[in-house]
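In: Predicted model and sequence below, questions to follow.
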Amino acid sequence: MSEKAEVWQGTLALMVLKTLETLGPLHGYGIARRIEQTSGDLLIVNYGTLYPALLRLEQEGYIVSEWGVSENHRKARFYRLTRAGRKRVEQAAREWDRTASIMGRFLAPAKDAL
Amino acid sequence: MTSRLRIWLTFYRRLASAYPHEFRMRYGEDLDRLGEDAIPDVWRRYGVAGLVKLLADIAFRLPAMYLLEIRQDVVYALRMLAKSPGFTAVAMLSVGLGIGMCCAVLAECRAIVGPAPGLRDPATLATFFWSQASYPYFERYRDARQTVASAAAVMGPVPFAVVVTGDKSGRAERVSGHLVSPEYFTTLGVTPAAGRGFGPETEKPGMAPVVVVSDRFWRTHLGADPHAVGRTLRLNGSMATIVGVGPKDFLGIWPQSPADLFVPVTCGVSLAPELSGDPLHRSDREIFRVVFRLAHGVTLPAAEAALDALTRNIDRETGAWHNRDRQGRVIRLMPAGTVGYATPEQHALVDTFNVVLWALVLSLVCANLAGLLLARGSQRRREIAIRLSVGASRVRLVRQFLTESVLLSFAGGLAGIVLAYWITHVLSSLPLPSQIPLEFNCHIDLHVLAITLAIALAAGIGFGLAPALASTRTDIGVTLKKGAQAPLRGYRRFGLRNLFVVGQMAASLMLLLVTWFVALAFLSAARVDTGIEVANLNMVSLDPVRDGYSAERAAALFTNLPEELSRIDGVRAVALTGSALPSHGDSTRVSAPAANGKVGQVLNLVSRERIGANYFATLGIPLVGGREFDLRDRERDGPAILSQTAARALFGVEDPIGRRIRERDSNYTVVGVSRDMRAGLLIARPVATVFLPLTPEWFGKNAAQRVTVLVRGMPGWDTMASVRDRMASLHSDLTVFDEHTMQEDLDRVNSLAQWTSAMYVILGFFALLLASIGLGAVTAYAVVRRRKEIGIRMALGARARQVRGLVLREGTALVAVGSALGLSGAFALARVFSVYSDVLARSFGNRHNNPLLLVGAPLVLAGLAMLACYLPARRATKIDPMSALREE
């Protein structure tokens, strides 16, 4: 387990939103499993921070929740992306790209530096 | 799911159920679902470690969720407080002002009872209480190494006629100093700023006279000369070399009588006439005050016992008991190292006053808080009901109110601390009355600050929480409908609102009155009321020996002087006195021998004054019985006059006139009884005094004493100018000094006490402010809450004037009831205090203080309350009735 990384707090919200965008409405556990799978099982979701993150996202208006029935026929709360959430995901993806390219330039071997 | 996993699931559910209530309401089920789904999966993939991590994640998140809620609480609390700025401001002001005042009252103010500057470790210094020792005895005390680390003998204040060499005018100036044993500086722990101090090796009889000057003298008279050490001064006609300059601020052991020159006792009689008759080797000249530095770990009572035993031993050896009373203690110790010669009784009295005032002010603060918070809390019942009905838990609500109360109290407390520091800073920078040439250091006692803060915070939190706790148990439905007007238990007319006003008025008035009583009590205790008629009474001092007179010539001078001076036009009466009053005085022992089969009485600690003929007439104090001293008194047993207290103590109800008394080694016949004069600061009971005559024999033995001439002039005459002229023409070589009026003399003594009393009066005004704030706020609040009712009345057709009149009438009734309660409460409290302390009792019984206070204070508070009724009512009648009806 040691080579797997903890999901950083701030990025968890982003991953949740992206997962919901890609896969549509999911319940809590489903979101967590999906995140782990997407990372190729290299990430472990901290279940303690999952629901607070969901709470925050709901307060900020990026997701809404409603009761539904899960795969094993039990009542579960499903979370769905809102339009504001969709916009947020796109904006965040753009920001990450930019950050990654800037950092890449710093961290890559200096080709044109001199 | 296997049973093993079920255990984990149970754990998980337990943890999940610990989450905050509101979170659980929304996501509780979901969290449980998560657990049910995740646990088998995690177990399959990661085993036990994974399950542990899962539970740990949930568990660690728990405190964070609560903190989040607390943050919400705080933000909400701040919003609520900001929404009623008046209430918040008043509450904070009350707490802040109260805490600031309490700390200032009990601040460690260094005045008379504080340590003198420049001394090392003043707490371990001690001295004899009201008695002096002879030099040989002092030497024995000094060598008692078990008890006493070191000791010094001091005679002072001693006047020196000083001429600074190089001073062109060559005129002698009279400077006060101390005659000290060589151990003086080492005992006090004082290191000279320049040169050296004294020491037993360097100060031996016969050596050239030396002197150590104070820092102040060095600046004012020597011009801060860097080469001052080695210069010479002419002291009393003899040359002395300066060997050292004292450290800054050091003015001798009791700086209330500051000393600028320090001369060793080995200097010889030519320099110091006080040393005539070889007092250094005689056990019967008890003229030295002894200062002890107690040995490490020795307490004052232990030292007193040891020195007492030592004194008895020496007495037995020398065979001379110095008319000490062999029963009980022969000597008593008290702490030295204070600015003034303050007795333990004076210490205790000041402390008592301070503590009482502190308690009163704190009670006022708590009463204010109670009124404000309870009044406000009862109004928020509707809000609480709403929140309860939408699902808030009781715990959450109570926590919310707790947050508010804590925030408010802490903010007020912070303001209070700031105020306290500011006040002590201001006090420290105030100049003391001029006679005390010291800096006044005032800083906060941290214990007092902590206790005061704790009590104020507890009050704030308690009173803020109580309404919340009570409200969460109300019937929600009724409260929702009726809001703040929901009936509480109790008859509606004497509703809670009215009760608050009455309660606040009563509490404020009671505490205010008692605070002022106590402050005034201190005022009267501190004033030295001698009973002397001060108009046109002047004093001037003479010291012929220092001007070169011989003892016989001085005696002749004084015998003739009163008559010479009374022949001057404009002089009504003249008298001589050996002591300026009020003074520390000499303390002596007087006994009345047994007569008529009755046992003789002995009085210790009698104050002794030396006076001339016509003394009481000049002062304007009539004698209670008998006659004054007469120039023609030549009886074998000289005459004596006793004060009333002394006469009563020695002779009871019998007539003391004509009776014999014995003072020290002489017999006297009582010829008169005088009224008691209060002799000192904060001394509650009059001191027994014996007045002995100034006779030529006394002049012969005590030539080095100065004599004060009292002159009562006639109004409108410049009496003292005539006196000065006559003195100059008759005795041109005599220096006449220290001329002042009796009023100035009394002012000088009173100044420090009055200055301290001024502090208490200021405190009284602050208390008034505090009471006013609390009362005004509660009353205004009560009226504001009637806006709906006022709106209804106006909508139904009442005129503004009628409504205002109604409010004012009710207000008057409440204020009257409150005042009555407050006054009776004040009397009851005063009675309690009187039992506790004599001085307070006397002040409370003091007739002429009361009327002004008893009428004034209620009037002021009542006036304020009426204003606080009127203004909101006026505002309420001006608004549109419809909006008043709609608001809560």
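Out: Received it, and whenever you're ready, just let me know what you need.
In: Would you tell me what helix or strand the residue in the stretch 101-250 of chain B positioned nearest to chain A is located in?
Out: Residue nearest to chain A within the stretch 101-250 of chain B: residue B:103 (44.4 Å; CB to the nearest CB). Any C-beta I mention is one placed from the backbone N, CA and C, and that applies to glycine too. In this assignment (DSSP states H and E), residue B:103 forms part of helix B:85-105.
In: With residue B:240 instead?
Out: Remark: residue B:240 resides in strand B:238-245, with elements defined by DSSP H and E.
In: packing partners for that strand?
Out: Helices and strands touching strand B:238-245, by 3 or more CB pairs under 8 Å, 6 or more residues apart in numbering or on different chains; DSSP states H and E, are strand B:194-195, strand B:210-213, strand B:232-235.
In: Deepest in the core, which of those is it.
Out: Greatest average neighbour count among these goes to strand B:210-213 (a mean of 26), per mean count of other CB atoms under 10 Å in any protein chain shown.
In: Go ahead and produce PDB holding the CA coordinates of it.
Out: Taking Å, rounded to 0.1, in the frame of the first residue of the first chain, the C-alpha atoms of strand B:210-213 are listed here in PDB:
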ATOM      1  CA  VAL B 210      33.200  62.000  55.600                       C
ATOM      2  CA  VAL B 211      29.800  62.200  54.000                       C
ATOM      3  CA  VAL B 212      27.900  60.400  51.300                       C
ATOM      4  CA  VAL B 213      25.600  62.600  49.300                       C
END
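In: Quick check: which helices or strands does it pack against?
Out: Contact here means 3+ CB pairs under 8 Å, 6+ apart; on that basis strand B:210-213 packs against strand B:232-235, strand B:238-245, strand B:261-264.
In: Tell me the neighbouring strands of the last one, and mark each as parallel or antiparallel.
Out: Partner strands and pairing direction for strand B:261-264 (DSSP bridges) are strand B:173-180 (parallel), strand B:210-213 (antiparallel).
In: contacts for it?
Out: With contact meaning CB atoms under 8 Å, 6 or more residues apart in numbering or on different chains, strand B:261-264 is reached by B:158, B:160, B:162, B:175-182, B:184-185, B:198, B:203, B:209-214, B:217, B:235, B:240, B:246, B:252, B:271-272.
In: now the second one
Out: With contact meaning CB under 8 Å, 6+ apart, strand B:238-245 is reached by B:192-197, B:208-215, B:218, B:228-234, B:263, B:267-268, B:270-271.
In: where are the low-confidence patches of the stretch 451-600 of chain B?
Out: B:471-496, B:524-531, B:546, B:579-587, B:594-599 (pLDDT under 70).
In: Run through the residues of it sitting next to chain A.
Out: Taking CB under 8 Å from any CB of the partner chain, no part of the stretch 451-600 of chain B reaches chain A.
In: Run through the strands of the stretch 451-600 of chain B in chain order.
Out: According to DSSP state E, counting those that start in this stretch, the stretch 451-600 of chain B carries its strands in the segments B:537-542, B:571-577, B:586-592.
In: could I get these as a markdown table with mean neighbour count?
Out: Converted to a markdown table, the strands of the stretch 451-600 of chain B look like this (neighbours: other CB atoms under 10 Å in any protein chain shown):
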| stretch | mean neighbour count |
| --- | --- |
| strand B:537-542 | 20 |
| strand B:571-577 | 22 |
| strand B:586-592 | 20 |
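In: Can you check which of those strands gets nearest to residue B:356?
Out: strand B:586-592 (30.7 Å; CB to CB).
In: on that earlier part again, so what's the gap between the strand holding residue B:240 and the chain middle?
Out: From the chain centre to the centre of strand B:238-245 is a distance of 40 Å (CA atoms, centre = their mean, to the nearest Å).
In: next one: stretch B:282-296
Out: With CA atoms, centre = their mean, you get 30 Å for stretch B:282-296.
In: Could you pull out the buried residues of it?
Out: Buried residues in stretch B:282-296, counting neighbours by 16 or more other CB atoms under 10 Å in any protein chain shown, are found at B:283, B:285-295.
In: Which single residue in chain A comes nearest to chain B?
Out: For chain A, CB to the nearest CB, closest residue to chain B: residue A:48, 3.2 Å.
In: unless I'm mixing things up, that residue is touching residue B:65, no?
Out: No: with contacts counted by CB atoms under 8 Å, residue A:48 stays clear of residue B:65, the gap being 9.1 Å.
In: count of neighbours near residue B:806?
Out: Other residues within reach of residue B:806, judged by other CB atoms under 10 Å in any protein chain shown, total 16.
In: name the element it belongs to?
Out: helix B:800-836.
In: What mean pLDDT does that helix get?
Out: For helix B:800-836, mean pLDDT is 83.
In: just how off-centre is it within its chain?
Out: Remark: helix B:800-836 is offset 32 Å from the chain centroid, using CA atoms, centre = their mean.
In: Residue B:689 touches residue B:644, doesn't it?
Out: No: Residue B:689 is beyond contact range of residue B:644, at 9.3 Å (criterion: CB under 8 Å).
In: Now do the helix holding residue B:103: which elements does it pack against?
Out: Applying 3+ CB pairs under 8 Å, 6+ apart, one finds that helix B:85-105 makes contact with helix B:21-83, helix B:344-379, helix B:394-428, helix B:446-471, helix B:742-784.
In: I'd like to know which elements the second one is packed against.
Out: Secondary structure elements in contact with helix B:344-379, counted by 3+ CB pairs under 8 Å, 6+ apart, are helix B:85-105, helix B:446-471, helix B:496-526, helix B:742-784.
In: I'd like the next helix or strand past that helix.
Out: helix B:381-389.
In: now the strands for chain A?
Out: Applying DSSP state E to chain A gives strands spanning A:5-6, A:26-27, A:43-44, A:63-69, A:75-81.
In: Outline the domain layout of chain B.
Out: Following automatic domain parsing, chain B resolves into domains at B:3-66, B:84-114+B:343-486, B:122-337, B:494-529+B:747-888, B:537-746.
In: who wins for proximity to residue A:89 among those?
Out: Proximity to residue A:89, assessed across the domains of chain B by CB to CB, is greatest for domain B:3-66 (22.4 Å).
In: to the chain's geometric centre, what's the distance from the closest one?
Out: Between the centre of domain B:3-66 and the centre of its chain there are 64 Å (CA atoms, centre = their mean).
In: Output the below-cut-off pLDDT ranges for chain A.
Out: A:1-10, A:110-114.
In: how about the residues of it near chain B?
Out: Selection of chain A residues close to chain B by CB under 8 Å from any CB yields A:1, A:27-29, A:32-33, A:44, A:46-52, A:54-55, A:70, A:72, A:74-77.
In: what's the burial count for residue B:795?
Out: Residue B:795 has 13 neighbours, counted by other CB under 10 Å.
In: and it, backbone torsions?
Out: The phi/psi pair for residue B:795 (degrees, to the nearest 10) reads phi -60, psi -30.
In: wait, what's in contact with it?
Out: Residue B:795 touches B:881-882, B:885, counting by CB under 8 Å, 6+ apart.
In: do residue B:625 as well
Out: Contacts for residue B:625 (CB under 8 Å, 6+ apart) come out as B:655-657, B:672-673.
In: Quick check: ChimeraX command selecting the buried ones in the residues you listed.
Out: Of the contacts of residue B:625, the buried ones go into a single ChimeraX selection, burial set by 16+ other CB under 10 Å:
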select /B:656,657,672,673
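In: among the contacts of residue B:625, which two are most distant?
Out: Using CB to CB, those reach their maximum pairwise distance at B:655 and B:672, which is 11.6 Å.
In: that's a strand at residue B:160, yeah?
Out: Yes: counting by DSSP: H, G, I helix; E, B strand; the rest coil, residue B:160 falls inside a strand.
In: dump the residue contacts of the closest residue to chain A within the stretch 51-200 of chain B.
Out: Distances between the stretch 51-200 of chain B and chain A by CB to the nearest CB are smallest at residue B:61, namely 3.2 Å. Taking CB under 8 Å, 6+ apart, we find residue B:61 in contact with A:46, A:48-49, A:52.
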